[in-house]
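Just need the structure, nothing else, for what follows:
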Amino acid sequence: MTPTIFEIKNVSYAYANGIHAIDAVSFDVKQGERVAILGANGSGKSTLLKLMAALYFPTSGEITAFGRKLTAHTLSDPQFRKTFRQKIGFVFQDSDVQLFCPTVWEEVAFGPLQLDLPHEEVVQRTIDSLALLGVEDLKDRFPYQLSGGEKKRVAIAATLAINPEILLLDEPTNGLDPRTQKVLVELLWELSKAGKTIILCTNDLSILEDVSDRVLVMSEDHRLLAEGKPHDILADTDLLLKANLIHEHFHKHGEELHLHRHSHTTDHA
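Got it, this is the predicted structure:
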């Protein structure tokens, strides 16, 4: 039987003013799955990912990871905290939040250094991760001088350098040019084949079938609206309209008006 990595049970997260970012969400994630959390901007999908990474803690409900509840108390256990942080790799939507070292090399080497690995292994992991993302030529550059796509690739390289079992990616294709997006999608496929569990947030319908086996759809009222296979979710236009992931748009052809449906990431060309 495939182990369950995450169990999310009736989880809510509310801000200090009482407004919910997540409201009574429940699901689980099995080892080796590729799960996409799909939702419009503001639906709470990024907050949900941060709850799973124990960057936030639920205001109600509970999250279990590797058989233990994720709470401030359990994370105060040094052994569990170390194990959890080694197994989980988080890639932020905004790479500027993640990058803080003086050079790209130091950025990618930072995680392995925290694992008390032998010097030779730290160096090898850094070299391998830079090569995997195609950023070897940037190793001596200052991260703040890089383009948005370059920063994203460096952030992913830094995350992969710790060799996590689970990858949590918040809008990983956001700001990437088409070539880099293709490279990332192929990389996620290879990592999945290698046994990694991949959970990502997105509102990009064009990559859904390439990056996921199962899709969770968040509604604009911060609840779990639907769950299913990528093909089935993409075929349900009423669901996508309800989740504000596509919209209806009129085009005039001669003297006739025609109604078309577009995703929010699609140009009206």
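
Secondary structure element for the closest residue to Gly228 other than its chain neighbours, which one?
Leaving aside its chain neighbours, Gly228 sits nearest to Val215 (6.1 Å; criterion: CB to CB, 6 or more residues apart in numbering). The way it works is simple: take the backbone N, C-alpha and C, and place the C-beta from them, glycine included. Taking DSSP states H and E as the definition, Val215 sits inside strand 214-218.

quick one, the helix or strand just after that strand and strand 214-218 angle?
Next in sequence after strand 214-218, counting helices and strands by DSSP H and E, comes strand 224-228. Angle, strand 224-228 to strand 214-218, by axes from the mean of the first three to the mean of the last three CA atoms, to 10 degrees: 160 degrees.

hmm, back to that, point out the other helices and strands that the strand holding Val215 packs with.
strand 34-38, strand 224-228, helix 230-235 (3 or more CB pairs under 8 Å, 6 or more residues apart in numbering; DSSP states H and E).

Contacts made by that strand with the rest, please.
25, 27, 33-40, 43-45, 48, 208, 224-230, 233, 239, 243, 245 (CB atoms under 8 Å, 6 or more residues apart in numbering).

SS state for Val154?
helix (DSSP: H, G, I helix; E, B strand; the rest coil).

all helices of the stretch 151-269 of the chain, in order?
Taking DSSP state H, counting those that start in this stretch, the helices of the stretch 151-269 of the chain run over residues 178-193, 208-211, 230-235, 237-242.

I'd like to know how far Pro230 sits from Glu220.
Distance of Pro230 to Glu220, computed by CB to CB, to the nearest Å: 21 Å.

show me where this protein has strands.
4-14, 20-30, 34-38, 60-65, 68-69, 88-91, 166-170, 197-202, 214-218, 224-228, 246-253, 256-263 (DSSP state E).

Which members of the contacts of strand 214-218 are classed as buried?
25, 27, 33-40, 43-45, 48, 208, 224-226, 230, 233, 239, 243, 245 (16 or more other CB atoms under 10 Å).

follow-up on the earlier one: now render the helices and strands packed on strand 214-218 as CSV, adding mean pLDDT and distance to Thr173.
As requested, the helices and strands packed on strand 214-218 are exported to CSV (pLDDT from 0 to 100; distance: least, CB to CB, whole Å):
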stretch, mean pLDDT, distance to Thr173
strand 34-38, 97, 11
strand 224-228, 96, 21
helix 230-235, 95, 15
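
closest to Ala194 out of the ones you listed?
strand 34-38 (12.2 Å; CB to CB).

and the direction of that closest one versus that of strand 166-170, what angle?
20 degrees.

which helices and strands does strand 34-38 pack with?
Using 3+ CB pairs under 8 Å, 6+ apart: strand 34-38 touches helix 45-52, strand 197-202, helix 208-211, strand 214-218.

Just send the ones you listed back as a markdown table, with mean pLDDT and distance to Val11 too.
Shown next, in a markdown table, are the helices and strands packed on strand 34-38 (pLDDT from 0 to 100; distance: least, CB to CB, whole Å):
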| stretch | mean pLDDT | distance to Val11 |
| --- | --- | --- |
| helix 45-52 | 95 | 7 |
| strand 197-202 | 96 | 14 |
| helix 208-211 | 94 | 23 |
| strand 214-218 | 97 | 12 |
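
From Gly228, how far out is the closest residue to Glu7 other than its chain neighbours?
Once flanking residues are discounted, Glu7 sits nearest to Thr64: 4.2 Å by CB to CB, 6+ apart. Distance check for Thr64 against Gly228: by CB to CB, it reads 23 Å.
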